[in-house]
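A.B. asks: Model the structure of this input:
(one chain, ligands or ions: 2)
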Amino acid sequence: MLALEEARDRLLAAIQPLPPESVALPLASGRYLADSVRAANHLPPFDNSAMDGYAVLASDVAQASSTSPVTLRCIGETAAGQFPGGGMIAGQCWRLFTGSPLPDGADAVVMQEDTRPVDGQPQAVQVMDAVRPWENVRFRGEDVKAGATIAEAGARLDFGHLALLAATGVSEVTVVRRPVIGVISTGSELVEPGGALQPGQIYESNRRAIEVLVQRAGGVPRSYPVVPDDLKLTQEIFAMAFRECDAVVSSGGVSVGAHDHVKSAVEALGGRLDFWKVAIRPGKPFTFGHVDGRQFFGLPGNPVSAVVTFLLLVRPALIRMQGGVDVQLPVSFGVLAEPVTNRGNRRHFVRVRLDSRGRVRLSGLQGSHVMSSLAGANGLLDMPPEAHWEEGRMTEVIRID
Ligand code: AMP
Ligand code: MG
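C.D. replies: Ligands and ions are numbered 1, 2, ... in the order given. Next up is the predicted model:
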């Protein structure tokens, strides 16, 4: 049996990133950068005021206080979006607003709340507090220097990156193409939700989970009709999927049962398959292969096994297809609110719910067919074989939300 990490490494080693494409910044959320981006401009682009107030010379107001205010002559005003058409000297001040560029000569900003007007003297401003040199000034380039790297190749673009890229003038980025992922469910017992169930039938559900997980991993899911356990039909649907998609994820039909046709179908298409027994629960067996250079991921049919193997093995592969660097699920830390036991001899990924106060509870029964505890889970505990963890134990929770 393969250790999970070994299986993941093998799988990632077989993945090539897809080609890059250019997209407009508003469409780049969740995409992976193909090339690092350098700032074309300083951010901020000019020295500016952090406050509504008055540009001053700090030395003019060094002794100012509410009991002995310093009176200055206001000689100009610059609103945000304007540029000061002059400078100032000692004894003068200049009205500014948050983001207004500083006039030449000024070396600090007094906030409006520390000033007051003088009756009958419209140009006079009384300053009632001292400022240190450069107080309330935001410097050109203090956030980002022109030429600095602001986003690394392989980063997944999120709101923070998009705002930073926009702030330095970027309107378009080069990202890796999203992989189109064929999603196939196999099993003669499966019917589409909505219809009536005949005895022995169940509703098909894996595609709904896998589509969402593909999307969250940056891929574009393309679902195919449910494939009954028939070699010829299985071959037809798989052939179509491998023609239309960059990779295919199927569930079910990869065990040793007489009705498991996925292996034969993929091999009949000229594909190569590796059957892996990955030492995790829920999860084995997991199948990985290629058809014409396109990846094939064969997940177990049990809904929880399908989701867990997708998250631990397929998700990293999809991210790597997009050039993503960070392929692991994030973890949080929490405290067990109840004891948890793994009686089995395989590493168990236990479905749990981590609440907003950091407490961790089982989300329900842990059988690989139990879907209610999947619906209630936002995390997985990675529990070694034959382990018992007491209530109160601090533990890592793999975030699946
Ligand atoms: P299999 O791996 O094909 O032997 O399936 C294992 C178990 O998972 C069986 O109980 C199947 O009925 C169930 N199963 C397989 N595929 C799905 C699916 N797409 N939706 C819901 N249950 C499934
Ligand atoms: Mg089946």
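
A.B. asks: Contact residues of the stretch 251-400 of the chain facing ligand 1?
C.D. replies: 251-253, 255, 257, 300-303 (C-beta under 6 Å from any ligand atom). In this view, the C-beta of every residue, glycine as well, is placed from N, C-alpha and C.

A.B. asks: Recalculate using a threshold of 5 Å.
C.D. replies: 252-253, 255, 301-302 (C-beta under 5 Å from any ligand atom).

A.B. asks: Just the buried residues of those.
C.D. replies: Restricting these to buried positions leaves 252-253, 301-302, with burial counted as 16 or more other C-beta atoms under 10 Å.

A.B. asks: Make a markdown table from those and add pLDDT to it.
C.D. replies: Formatted as a markdown table, those follow (pLDDT from 0 to 100):
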| residue | pLDDT |
| --- | --- |
| Gly252 | 94 |
| Gly253 | 89 |
| Gly301 | 94 |
| Asn302 | 95 |
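
A.B. asks: how does the protein divide up, domain by domain?
C.D. replies: For the chain, automatic domain parsing gives the domain ranges 4-17+178-321, 20-44+142-176, 48-138, 331-399.

A.B. asks: Among the ones you listed, show me which one is buried the most.
C.D. replies: Comparing the domains of the chain by mean neighbour count (mean count of other C-beta atoms under 10 Å), domain 4-17+178-321 ranks first with a mean of 19.

A.B. asks: between the residues of the stretch 251-400 of the chain next to ligand 1, which is nearest Val227?
C.D. replies: Gly253 (7.8 Å; C-beta to C-beta).

A.B. asks: That closest one contacts Ser264, doesn't it?
C.D. replies: No. Taking contacts as C-beta atoms under 8 Å, Gly253 lies outside contact range of Ser264: 9.8 Å.

A.B. asks: Can you work out which residues contact both of those two?
C.D. replies: Residues touching both Gly253 and Ser264 by C-beta atoms under 8 Å, 6 or more residues apart in numbering: Thr234.

A.B. asks: hmm, back to that, please narrow the residues of the stretch 251-400 of the chain next to ligand 1 to those residing in helices.
C.D. replies: Nothing among these maps onto helices, per DSSP state H.

A.B. asks: now those as CSV including distance to Val110?
C.D. replies: Shown next, in CSV, are these (distance: C-beta to C-beta, whole Å):
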residue, distance to Val110
Gly252, 71
Gly253, 74
Ser255, 76
Gly301, 70
Asn302, 68
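
A.B. asks: re earlier: now, which of the buried ones among the residues of the stretch 251-400 of the chain next to ligand 1 lie close to ligand 2?
C.D. replies: Near ligand 2, judged by C-beta under 5 Å from the ion, the entries from those are 252-253, 301.

A.B. asks: Show me the contact partners of stretch 348-361.
C.D. replies: Applying C-beta under 8 Å, 6+ apart, the set of residues contacting stretch 348-361 is 280-283, 304, 308, 312, 332-338, 340, 342, 362-364, 366, 373-374, 376-383, 385, 395, 397-399.

A.B. asks: now, which of those lie within strands?
C.D. replies: 280-281, 332-336, 340, 342, 362, 379-383, 395, 397-399 (DSSP state E).

A.B. asks: what about Pro19, neighbour count?
C.D. replies: Neighbourhood size, Pro19 [other C-beta atoms under 10 Å]: 8.

A.B. asks: List the contacts of the nearest residue to it once chain neighbours are set aside.
C.D. replies: Distances taken as C-beta to C-beta, 6 or more residues apart in numbering put Arg177 closest to Pro19, at 5.7 Å, once the chain neighbours are dropped. Arg177 sits next to 18-21, 322 when contact means C-beta under 8 Å, 6+ apart.

A.B. asks: how about a cut-off of 7 Å?
C.D. replies: 18-21 (C-beta atoms under 7 Å, 6 or more residues apart in numbering).
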